[in-house]
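> no sequence for this one, just the structure:
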C-alpha cells in the first residue's frame, strides 16, 4: 500500500495566483507542476494533505482545516483565509480546552417502558438516551448494550471529556487501559472511571452485556490512537490525567454505610476521592428507617434504577412509580422523596460535583 497516493483536487482559473498563497502563506511544499511553459496543474503537500490544484476542474472549491497548537503564530494569526482559487482555509486550535456548558436544570424522568429507540453507535454498540434534553449539553447518560457477545470491533481510542463513568449493569466486559496493566473484567456492579484522554480498548463482552455510561460534556470527541499498543509496558496506577486517576471499583466485598437520605444505605465507589470531587458515584439500597423529603444543592444529580421499584415524589409533580431500567434527574433546590422502595431496590446515583449538601425535611 506504500506506493498508493491519494490527492484532493481543487479547481482554479489562474494557477499562477495560487502558487505564492499555498507555498508562502500556508507553508506547503510544491511537489509537482506542469506543463512547464503554461502551468495548469500543481500538486502541494503539507500537514498530512496532498492537494492538487487544477485549472478547469469541475468541482467547487472546498475547505481545508489546519489544526495547530499555535494558531496565533500561523499565517500572522488570521483564522480564516480564502485562497485565490476560492478554497476556504480555517486555522483552528488543535487541542482546544473543553467547554462545559452551563447546566439547564430540569426535572427528568426516563422510563424503559416508554420504548425509546436503541441507536446503533460506535463499534456496533446499541445506545439508549437517558437524558434526552442533555441539560443544555452539560451531560450525556447512555444505557448501552451488546446483544451478541464475543470480540468487540474496537480500536485503541480516547475521549476528550471532563468526566466519564462506565458502570456495568448486567453481564461482563473486558477492557484494557493505558498504564493500568493487563485487561480487566468489569462485572455487574463494577465501574471504571476513565480519566480524560486515557487510551483504552474494549476487547470482549458477554452476551447481553449492559452498561451505563456518563459523559461530561454531552458532546465530546473520540479519537483513535493508531500508534499505541495495549497493554502498555509500564504499570502506573497512581498516574493522573488532568487531575483524575483511573478507578476500577468492584462491588464484591464493598462496605455499606448510611446514605445521605434516611431509609437507605450506600457504597461509595471512591470516584469523588479520585477525581477531586469532580463527580461522586454511589450505589444505593434500602436501609433502616423511612424515606423523607429532601433537596440538594449539587449541579447535576442523576439516578438509574438497577433493580426493584420505588416511587419518586416531587413537589407540585405527579408521582412516578419507577422500576428497573428507569432513570431520573433531580434539579438543585427541588423537594423530592424516594418513597415505598421495594426490598430489592438498587439505584446508581451520580452527582456532579461529588461534594454537596442535602437538606432533609424532618417536620
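Nice, thanks for sending it over. Note that the structure is a prediction, hence the values are computed from the model and not measured.
> burial count for the closest residue to residue 196 other than its chain neighbours?
Distance criterion Cβ to Cβ, 6 or more residues apart in numbering; nearest residue to residue 196, sequence neighbours excluded, is residue 242 at 4.6 Å. Glycine gets a C-beta too; all of them are placed from N, C-alpha and C. A count of neighbours around residue 242, defined by other Cβ atoms under 10 Å, yields 14.
> Could you pull up the contacting residues of residue 242?
Residues in contact with residue 242 (Cβ atoms under 8 Å, 6 or more residues apart in numbering) are 195, 196, 197.
> Kindly report the same for residue 191.
In this structure, residue 191 makes contact with 165, 166, 167, 168, 247, 248, 249, 269, 271, 281, judged by Cβ under 8 Å, 6+ apart.
> What of residue 303?
Residue 303 neighbours (Cβ under 8 Å, 6+ apart): 284, 327, 328, 329, 330, 347, 348, 349, 350.
> Residue 45 now?
Contacts for residue 45 (Cβ under 8 Å, 6+ apart) come out as 28, 29, 31, 51.
> And the strands in the stretch 1-150 of the chain, which stretches?
Along the stretch 1-150 of the chain, the segments classed as strands by DSSP state E, counting those that start in this stretch run 8-12, 29-34, 41-46, 49-55, 63-68, 80-82, 88-93, 108-110, 119-120, 126-129, 140-146, 150-151.
> Mind telling me which of the ones you listed the model trusts least?
Of all the strands of the stretch 1-150 of the chain, the minimum mean pLDDT falls on strand 119-120 (a mean of 82).
> Now tell me what touches that one from outside.
Residues outside strand 119-120 that contact it (Cβ under 8 Å, 6+ apart) are 126, 127, 128, 129.
> switch the cut-off to 6 Å
For strand 119-120, the external contacting residues (Cβ atoms under 6 Å, 6 or more residues apart in numbering) are residue 127.
> Partner strands of that strand, with direction?
If you go by DSSP bridges, strand 119-120 pairs up with strand 126-129 (antiparallel).
> Next one: residue 83 relative to residue 255, how far apart?
Note on residue 83: its distance to residue 255, by Cβ to Cβ, to the nearest Å, is 64 Å.
> Those two: who's more crowded?
Set side by side, residue 83 and residue 255 show more neighbours around residue 83, with 20 against 8, by other Cβ under 10 Å.
> and residue 253, how many neighbours?
With other Cβ under 10 Å as criterion, residue 253 counts 6.
> Count the neighbours of residue 134 for me.
If we define neighbours as other Cβ under 10 Å, then residue 134 has 18 of them.
> should've said residue 8
What residue 8 shows, counting by other Cβ under 10 Å, is a neighbour count of 13.
> residue contacts, it?
With Cβ under 6 Å, 6+ apart, residue 8 has these contacts: residue 51.
> Now that we have the strands of the stretch 1-150 of the chain, can you turn them into CSV and tack on distance to residue 237?
Shown next, in CSV, are those (distance: least, Cβ to Cβ, whole Å):
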stretch, distance to residue 237
strand 8-12, 45
strand 29-34, 45
strand 41-46, 41
strand 49-55, 40
strand 63-68, 33
strand 80-82, 45
strand 88-93, 32
strand 108-110, 35
strand 119-120, 35
strand 126-129, 30
strand 140-146, 26
strand 150-151, 27
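> Residue 311: which of those strands is closest?
For the strands of the stretch 1-150 of the chain, the distance to residue 311 is smallest for strand 108-110, at 11.6 Å, taking Cβ to Cβ.
> ok, residues contacting that closest one?
130, 131, 320, 327, 328, 329.
> Equivalent analysis for stretch 285-294, please.
Contacts of stretch 285-294 (Cβ under 6 Å, 6+ apart): 261-265, 335, 337-339, 341, 345-346, 358, 360-361.
> How about stretch 220-230?
With Cβ under 6 Å, 6+ apart as the contact definition, stretch 220-230 has outside contacts at 155, 156, 157, 158, 159, 160, 161, 176, 199, 201.
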